[in-house]
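In: make a model of this:
(one chain, ligands or ions: 2)
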Amino acid sequence: MIIHLPKNISHVHAQAYADSLGALYLEKPDYFVLITNHSVQQLPSTLQDIALNHWVFSTDMQLSSRKYKPDTHRITIGDSYIGGDGKNQLMIAGPCAVESREQIEQSCQMLKQQGIRVLRAGCYKPRTSPYTFRGLGEDGLKLLAEMRSKYGLLIATEMRDATHADKVVEYADIVQVGAKAMYDHGLLTAAGQSGKPVILKRGFGSTLQELVNCADFIMSCGNDQVILCERGIRSFETNTRFTLDLCGVAWLKQHCNLPIILDPSHAMGYAYGIGDLARACTAMGIDGLLIETHPQPEQAQSDSAQQINHQQFIDMYASLQPIAKAIGKTLL
Ligand code: PEP
Ligand code: MN
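Out: Ligands and ions are numbered 1, 2, ... in the order given. Next up, the predicted model:
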C-alpha cells in the first residue's frame, strides 16, 4: 500500500507512523509517502483520519505502477525529455565499450553530425568470460568526460558493480544498470541515490514483475528517473543471441508508469537484424532506442558481431524518421 500523509504533521510523526507499519518512508514537496508491501490491503485505523490518500496493490509493483501515478514519468534529458506526453523517442548510441581516444572520437563525430544527443559506451564491462576485455575503467570515464565537453553530448555509461558506482555517478549524465546486475541491491541503491536518470536493463532471465520490482527499489530511494530497457530474454531459440520481448514491452506500457527503451543490439546479437528491429520497435511507440555502433565493428573488443558500422547507423536512423512521424513522435 502507498499512503500519502499531509505536511502539516511533522516528519518525526510521519516517520513514526512508517515505523509502526514497517513501511518505507519518503518525503516529497507536498506530502509524506509511506510504502508497505502489497499484503496491506486496508488503510490502518490509526491513519483513517490523517491520510490524504492511499492506494492498494495486488503486487509489489507500486511506485512504478500506473495505478499509483497514471501518467508516464517525465525524465529530463539535457534540454529535452522522454516520457511525460510520450512525444519523444530518444536515440542512445555508441560503441559497446570505450576502447581508445581515436575510436570514441570517431563515434562522437558521427553522432554529432547526425544530431544524436546521448553517447553510450561502457568503461566497466560485465563479461561472460574473465579472459576478455573488461573496459578501460576510470581512464575510459575521463575520455567520456572529455568527449562531453568537446562535442556537447550527454554521457550514458554502466555501473558494473559497487566498487566503482560512485565514479560512474560522478562522470555520467545517465547511469546504466546492466542486465546481469539487475538484482544487485548495492547498485540499485547507488542508482537510487545518484540523483541521475537511470537506465535499468531487464535481466535476460527475469520476469517483467522482477524488472518492475527492481525499478521500485530505485524509486523507493527517492529517484523517480528510471528508464526501463528491454534487451532480450533467453528463450529456447539459439540462432539469435536473445529474444526481444515486444509483448513484454506492450505489458509495461499498459501497467507501468516509466518510460521504456529497447536495445535490439544485445537482443539480436548480429548486426544484420538491427535496422529491421529498430524500425519495428519505433513503430510500437517507445521512448527510446539503445543501439551499438562502432567505427570498425570487426575490430571491436566486445560485442563485435552485433555492432553496426557508421554508415549502417546513418541509414537506419534516416529510416526511422518517417515511422516516428507516422505515429506522432519526434526523434531526439
Ligand atoms: C551493454 O549494454 O553494453 C550490456 C552489457 O548489455 P546487457 O547488460 O543488456 O547485457
Ligand atoms: Mn555491448
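In: low pLDDT regions in the stretch 1-150 of the chain?
Out: Scanning the stretch 1-150 of the chain for pLDDT under 70 picks out nothing.
In: for ligand 2, what's its nearest residue on it.
Out: Cys96 (3.3 Å; CB to the ion). Placement of C-beta: from N, CA and C, glycine included.
In: which parts of the chain are helices?
Out: Ranges of helices in the chain, per DSSP state H, are 11-21, 101-113, 138-151, 165-171, 185-193, 208-219, 246-255, 264-268, 274-283, 310-326.
In: picking up where we left off before, what's the burial count for the closest residue to the residue of the stretch 1-150 of the chain closest to ligand 2 other than its chain neighbours?
Out: Leaving aside its sequence neighbours, Cys96 sits nearest to Asp303 (CB to CB, 6 or more residues apart in numbering; 4.0 Å). Using other CB atoms under 10 Å, the number of residues around Asp303 comes to 20.
In: try Ala16
Out: Ala16 is flanked by 13 other residues according to other CB under 10 Å.
In: likewise for Gly137?
Out: Counted with other CB under 10 Å, the neighbours of Gly137 add up to 15.
In: burial check on the nearest residue to it once chain neighbours are set aside, number of neighbours?
Out: Excluding the flanking residues, the one nearest Gly137 by CB to CB, 6+ apart is Cys123, at 5.8 Å. When neighbours are defined as other CB under 10 Å, Cys123 has 26 of them.
In: touching, Cys123 and Lys142? I think so.
Out: No: if you go by CB atoms under 8 Å, Cys123 and Lys142 don't touch, sitting 9.1 Å apart.
In: any idea how far Gly140 is from Ser100?
Out: 10 Å (CB to CB, to the nearest Å).
In: which of those two has more residues huddled nearby?
Out: Set Ser100 next to Gly140 and count neighbours by other CB under 10 Å: Gly140 wins out with 22 against 12.
In: pick the most buried one from the helices of the chain.
Out: Of the helices of the chain, the one with the most neighbours on average (mean count of other CB atoms under 10 Å) is helix 264-268, at a mean of 25.
In: near ligand 1 at all, it?
Out: Yes: shown here: helix 264-268 in contact with ligand 1 (CB under 6 Å from any ligand atom) through His266.
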